[in-house]
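[1] Build me a model:
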Amino acid sequence: MLARVLLVAYVAVLVWSGIRPHDYFTWLMEVFPALIGIVIVIWIQRRARITPLLLVLLTLHAIILMVGGHYTYAEVPLGRWMEQWFGWTRNDYDRIGHFAQGFVPALVAREIFIRRDVVRSRAWMFSIILLVCLGISAAYELLEWRTAIAAGAQADAFLGTQGDPWDTQEDMATALAGALTALVLMPRLHDAQIDSLSAPR
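    All right, here's what the predicted structure looks like:
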């Protein structure tokens, strides 16, 4: 039931995001990971259930991407409101996206490692997951860089640096903070749900 509700929410936001976005190049570049992600999630769900926690977080992450794709990250209204409320000098909605880019993959990796018995030591698991999340973040920044070179000015909205020379480093640091937060705050709930899936039915 939860999976169906989340799928409906995903499709509804996807359709909304594709209606008159800021520009379709940026929309496609931002939404593409969510489109790939939903295919992978559906394929996995048919073979081995994913924890409800992870399904909810994956859907929220996809929604963050789709909202960013609709407006471009530099123009999302929530970021504008945050800018006014906190007196910031830029639209920081993209920081929410990069925090999620660390938070959600950390739990994806954790679920795979535990359920597949990839890493038994929790200390090693913690360290390896942080490195995995940093690797994902760095790979995405490299993708942005190559896209910008290939597309030129057309990729400015996709890059979304907003004139910040340290944007790439801050994006990766934010993803690292997201991964650390997930690994510190979520293990108890995550473990309970993994145990529930593993229990005989």
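
[2] Now do the strand or helix carrying residue 59, average pLDDT.
    Using DSSP states H and E, residue 59 sits in helix 52-71. For helix 52-71, mean pLDDT is 97.

[3] packing partners for it?
    helix 2-17, helix 24-45, helix 93-115, helix 187-198 (3 or more Cβ pairs under 8 Å, 6 or more residues apart in numbering; DSSP states H and E). Glycine gets a C-beta too; all of them are placed from N, C-alpha and C.

[4] and the angle from that helix to helix 93-115?
    150 degrees (axes from the mean of the first three to the mean of the last three Cα atoms, to 10 degrees).

[5] so of the helices and strands packed on helix 52-71, which one's packed in deepest?
    helix 93-115 (a mean of 22; mean count of other Cβ atoms under 10 Å).

[6] Next SSE downstream of that helix?
    Following helix 93-115 in sequence, per DSSP H and E, is helix 122-151.

[7] Output stretch 79-96 as CSV, nothing but the C-alphas.
    Output of stretch 79-96 as CSV, limited to C-alpha atoms (Å, rounded to 0.1, in the frame of the first residue of the first chain):
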residue,chain,number,x,y,z
GLY,A,79,15.1,28.7,-1.4
ARG,A,80,14.1,32.3,-1.9
TRP,A,81,12.0,32.2,1.3
MET,A,82,15.0,30.7,3.2
GLU,A,83,17.2,33.4,1.7
GLN,A,84,14.9,36.1,3.1
TRP,A,85,14.3,34.4,6.5
PHE,A,86,17.9,33.8,7.3
GLY,A,87,19.5,36.7,5.5
TRP,A,88,21.5,34.5,3.1
THR,A,89,23.0,35.9,0.0
ARG,A,90,22.0,33.0,-2.4
ASN,A,91,19.2,30.5,-3.0
ASP,A,92,20.3,27.5,-0.9
TYR,A,93,17.7,25.1,-2.2
ASP,A,94,20.5,23.2,-3.9
ARG,A,95,22.0,22.5,-0.5
ILE,A,96,18.8,20.6,0.5
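
[8] for it, the distance to its chain's centre please.
    19 Å (Cα atoms, centre = their mean, to the nearest Å).

[9] on that earlier part again, mind giving me the packing neighbours of the helix or strand just after the helix holding residue 59?
    As assigned by DSSP H and E, the chain's next helix or strand after helix 52-71 is helix 77-86. In terms of contacts (3+ Cβ pairs under 8 Å, 6+ apart), helix 77-86 is packed against helix 93-115.

[10] Any buried residues in the helix holding residue 59, and which?
    If you call a residue buried by 16 or more other Cβ atoms under 10 Å, then helix 52-71 has these buried ones: 53-55, 57-71.

[11] that older thread, out of the helices and strands packed on helix 52-71, the one nearest residue 143 is which?
    Across the helices and strands packed on helix 52-71, residue 143 has its closest neighbour in helix 24-45 (8.9 Å, Cβ to Cβ).

[12] give the contact list for residue 198.
    residue 115 (Cβ atoms under 8 Å, 6 or more residues apart in numbering).

[13] Quick check, pLDDT for it.
    pLDDT at residue 198 comes out at 74.
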